[in-house]
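Enquirer: I need the structure of the sequence given here:
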Amino acid sequence: MTTQVERSTVTTSSPALTARLVVAAMLLCCVSYVINAMDRQVFPSLLVGIDKHYGFGLQQGGLLATIFTLGLGACGFFAGGFVQRFGRKRTMLVGIAIYSIFTILTGFALGFGDMFVYRALSGAGEALQNAALFTAVGAYFAANRAMAIGTLNFAYGTGSFFGPLFGTQIAAATGSWQLPFYVYGVLGLVFTVLIALIVPTAFTECEDREAVHATSGVKSVWNRNVALCVVAAAVVGVSMYGYIGLYPTYLRTELGYSVQTAGVMASMFGLGALVGIPAGWIGDRVSQRWVIIVSFLCAMVVGYSLFHGFPSPLAQGVLSFLQGAVASGFLFVNVYALIQRSAPPQAVATASGLYVTALYLPAALAGYLFASLSKAYGWGNAASIQLVAVVVVGIIAMLFYDERAARRSSS
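Expert: Numbering: from 1, shown residues only. Sure, this is the predicted structure:
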């Protein structure tokens, strides 16, 4: 049952928003997610310099590179409750403000302990924004839910591309690894104000329009299909963030790349994530379960190739792009849309929170795990375990998914 806040903010009886206002609202939300991705992705690209500055080891650096996902995962489920209680727009604004402030504080860290806290709490803010933003957009554009989520992922890909690229250039030009964190954090605060002033609640609080044409008898968010999506999301988190957390370190320490070149290679992941829109378009029109299964198979091939015998910048750039296309473009988008469709309309916020927790809580230790495996068995064998073998679990989960029970719009 919806809460009182949700009832008070549903806008189906309000006059329809103009196309211009919808575009402006969606654009601002997307740009705020660009800044989110820039904050998130710049840290691994600067990790070698950060490690040198503080004297961190590989495992400490790997943990810090992905520990923001601990905040994301731990707060993900509760973020769904915040959305239901306080509304999507308010939750989104609070989330952006929190991660922006703690991104700025990252540059002021005195050592491992307080940096650990700042990175984890920035993830908590991201969890609030993520659950609120994806619930709002998924509900407003429900008939094309996966494509709408893919549009947000396009924004994430843009930030993932420019975040490391600009961040490493700023650091190289100024000699300060701290400055990119200050710049990105301030940008986030600016967009908090812009969204508060411009984005209408009629956009963010719209009820799930797919409910009118729902073809499923799903009554509760606690069902088998949601559980299987949770497993698939966890697999994406462990594999994708193992790569994200330590890929630039691999390029610099194993392949001898410069900080700028490693930043460009890491940015190619973000460029690959731009395929989120066509990936979502496909997921809205064919069997989403099989889109995910095929994407998992492709992820295994790409994950293996990244760390086995392709040392040239051209090859690494192409493979990093493909990793972004498969992991972020296809898997993140379609698993997110599928878990929303596996829940009843009134529980989409809860499903979104579950997805955030399932994806990011395991991802919190993905960098540490990958560092430990690479230290014990070498980079290639570590990739074979974390980016290949683990993915099989996701394929098995999707093979048991009952697509007849998924909520799809007939319009």
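Enquirer: Going by C-alpha atoms from here, please, whenever you check contacts or count neighbours.
Expert: Will do.
Enquirer: Name the helix or strand for A74, please.
Expert: helix 68-86 (DSSP states H and E).
Enquirer: List the buried residues for the next helix-or-strand element following that helix?
Expert: Next in sequence after helix 68-86, counting helices and strands by DSSP H and E, comes helix 88-106. For helix 88-106, the neighbour count (16 or more other Cα atoms under 10 Å) marks 88-93, 95-106 as buried.
Enquirer: what sits up against the helix holding A74?
Expert: Residues from elsewhere that reach helix 68-86 (Cα atoms under 8 Å, 6 or more residues apart in numbering): 2-6, 91, 119-128, 131-132, 349-365.
Enquirer: how much does it deviate in direction from helix 88-106?
Expert: Orientation check (axes from the mean of the first three to the mean of the last three Cα atoms, to 10 degrees): helix 68-86 against helix 88-106 gives 150 degrees.
Enquirer: so which strand or helix has M240?
Expert: Judged by DSSP H and E, M240 forms part of helix 224-253.
Enquirer: Show me what that helix is packed against.
Expert: Applying 3 or more Cα pairs under 8 Å, 6 or more residues apart in numbering; DSSP states H and E, we find helix 224-253 packed against helix 19-45, helix 58-66, helix 259-273, helix 333-341, helix 348-363, helix 366-377, helix 391-399.
Enquirer: so which of the ones you listed comes closest to V137?
Expert: Taking Cα to Cα, helix 19-45 is the member of the helices and strands packed on helix 224-253 nearest to V137, at 8.1 Å.
Enquirer: Buried ones in the closest one, by neighbour count?
Expert: By neighbour count on 16+ other Cα under 10 Å, the buried set for helix 19-45 is 22, 24-45.
Enquirer: low-confidence ranges in the stretch 101-250 of the chain?
Expert: Counting by pLDDT under 70, the stretch 101-250 of the chain has low-confidence residues at 208-219.
Enquirer: what about the helices in it?
Expert: 112-140, 145-174, 179-198, 201-204, 224-253 (DSSP state H, counting those that start in this stretch).
Enquirer: Would you reformat those as CSV and include mean neighbour count?
Expert: CSV is the format used below for the helices of the stretch 101-250 of the chain (neighbours: other Cα atoms under 10 Å):
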stretch, mean neighbour count
helix 112-140, 26
helix 145-174, 25
helix 179-198, 18
helix 201-204, 22
helix 224-253, 24
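Enquirer: who wins for proximity to G270 among those helices?
Expert: Per Cα to Cα, nearest to G270 of the helices of the stretch 101-250 of the chain: helix 145-174, 4.0 Å.
Enquirer: Can you spell out which helices and strands pack onto the closest one?
Expert: For helix 145-174, the packing partners by 3+ Cα pairs under 8 Å, 6+ apart are helix 19-45, helix 112-140, helix 179-198, helix 259-273, helix 276-285, helix 333-341.
Enquirer: Repeat the analysis, applying 6 Å as the threshold.
Expert: helix 19-45, helix 259-273, helix 276-285, helix 333-341 (3 or more Cα pairs under 6 Å, 6 or more residues apart in numbering; DSSP states H and E).
Enquirer: quick check: angle from the first one to helix 112-140?
Expert: With the same axes, to 10 degrees applied, the angle from helix 19-45 to helix 112-140 works out at 150 degrees.
Enquirer: likewise the last one?
Expert: Using the same axes, to 10 degrees, the interaxial angle of helix 333-341 with respect to helix 112-140 works out to 70 degrees.
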